[in-house]
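Novice: curious how this folds, go ahead:
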Amino acid sequence: MDDLAPTQANKVKVLTLPDMLFLAFLVFSMVCVAWVGRLAYQEGMHNEGTKRNGELWAKWFTQAGQDRAKANYEPASCSISALPVVTPVATQATPVNPNPSAEPSAETQPAAKSEALTPTSPASPPLVPTPRVWGPCLKALTTQAGPLANMLNPFSNKPIALVAKCDMADRSLAGNLMLEKIQATPPGSAIPTINSPLTESDPIDQKMQIRITVCDKGAYPIRIAELEF
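Specialist: This next block holds a predicted model:
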């Protein structure tokens, strides 16, 4: 028994090269898993931030759809009333007397009177109020003092942009916003509605249906809301 004790004590496990490679691979795998998990978390937060931006736009459109028909609505460029008409003031030409010191003769008085009564310009047709369009309203919303100003794209940290559509072939569209107007087709049509991008020249002086969509990390469209504006 005394001869076996030293022999068992000397048997110490030594790491071989395969053992060290396995441990290094295990540590590398754990680091990769943690890194991928962090990236997935950041992208998920970016997607949530993008959805939050769309929800803020939907909240403003919902409230504006209820209030913009009221008097003195602000911003005025987003109200439902048409632009006010400015009627030009007609002016009459005053005859010039070549000799101010001399009294006008009886022959020139009727001529001057008739000249003063002659209109200087022909009668113009009645002016029609100009409908409000989306461009000035959008500018009022996104300027520094606007209710939707300083809204950033979570993926690029740049100001959020309005795009015509979310295209999965273009990943640079991630985090942006898409606004569409929904127009009803005539009764009996095969397609009940037609959707098209809301452009700056579109009139907004009437109630309209709006669809709000955001682009996720893969530029895939995520529908936020359909509402009346």
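Novice: right, and Met168 touches Gly218 too?
Specialist: Yes - contact criterion Cβ atoms under 8 Å: Met168 and Gly218 qualify, at 5.8 Å. (Each C-beta comes from the backbone N, C-alpha and C, glycine too.)
Novice: which other residues reach stretch 148-167?
Specialist: By Cβ atoms under 8 Å, 6 or more residues apart in numbering, the list of residues contacting stretch 148-167 from outside reads 45-47, 49-50, 53, 56-57, 60, 138, 141-144, 173-179, 197, 213-217, 219-221.
Novice: can you pull the contacts of Ala69?
Specialist: 79-81.
Novice: same thing but at 7 Å, please
Specialist: Each residue near Ala69 by Cβ atoms under 7 Å, 6 or more residues apart in numbering is listed here: Ile80.
Novice: from Val14, how far off is it?
Specialist: 85 Å (Cβ to Cβ, to the nearest Å).
Novice: go on, Phe22?
Specialist: 15 Å.
Novice: and if you look at Thr193?
Specialist: 76 Å.
Novice: now swap in Cys137 and tell me
Specialist: The gap separating Cys137 from Val14 is 77 Å, by Cβ to Cβ.
Novice: out of these two, which sits in the busier spot?
Specialist: A count of neighbours by other Cβ atoms under 10 Å puts Cys137 above the other of Cys137 and Val14, at 22 against 5.
Novice: which SSE is immediately downstream of the host helix or strand of the more buried one?
Specialist: Secondary structure assigned from DSSP states H and E places Cys137 in helix 134-142. Sequence-wise, the next helix or strand downstream of helix 134-142 (DSSP H and E) is strand 177-184.
Novice: quick one: end-to-end length of stretch 158-174, please.
Specialist: By Cα to Cα, to the nearest Å, the extent of stretch 158-174 from end to end equals 11 Å.
Novice: next, count neighbours for Leu173.
Specialist: Using other Cβ under 10 Å, Leu173 has 25 neighbouring residues.
Novice: cool, Cys215 as well?
Specialist: Residue neighbour count, defined by other Cβ under 10 Å, stands at 29 for Cys215.
Novice: beta partners for it?
Specialist: For Cys215, the beta-bridge partners are Pro221 (DSSP bridges).
Novice: state the distance from it to Ser156.
Specialist: With distances taken as Cβ to Cβ, Cys215 is found 12 Å from Ser156.
Novice: quick one: common contacting residues for those two?
Specialist: Shared contacts of Cys215 and Ser156, defined by Cβ under 7 Å, 6+ apart, comprise Gly175.
Novice: which residues touch Ile182?
Specialist: If you count contacts by Cβ under 7 Å, 6+ apart, Ile182 has them with 193, 195, 209, 211, 226.
Novice: I should have written Gly54 there, sorry.
Specialist: 177, 212, 214, 224.
Novice: list buried residues within those residues.
Specialist: Buried subset of the contacts of Gly54 (neighbour count, 16 or more other Cβ atoms under 10 Å): 177, 212, 214, 224.
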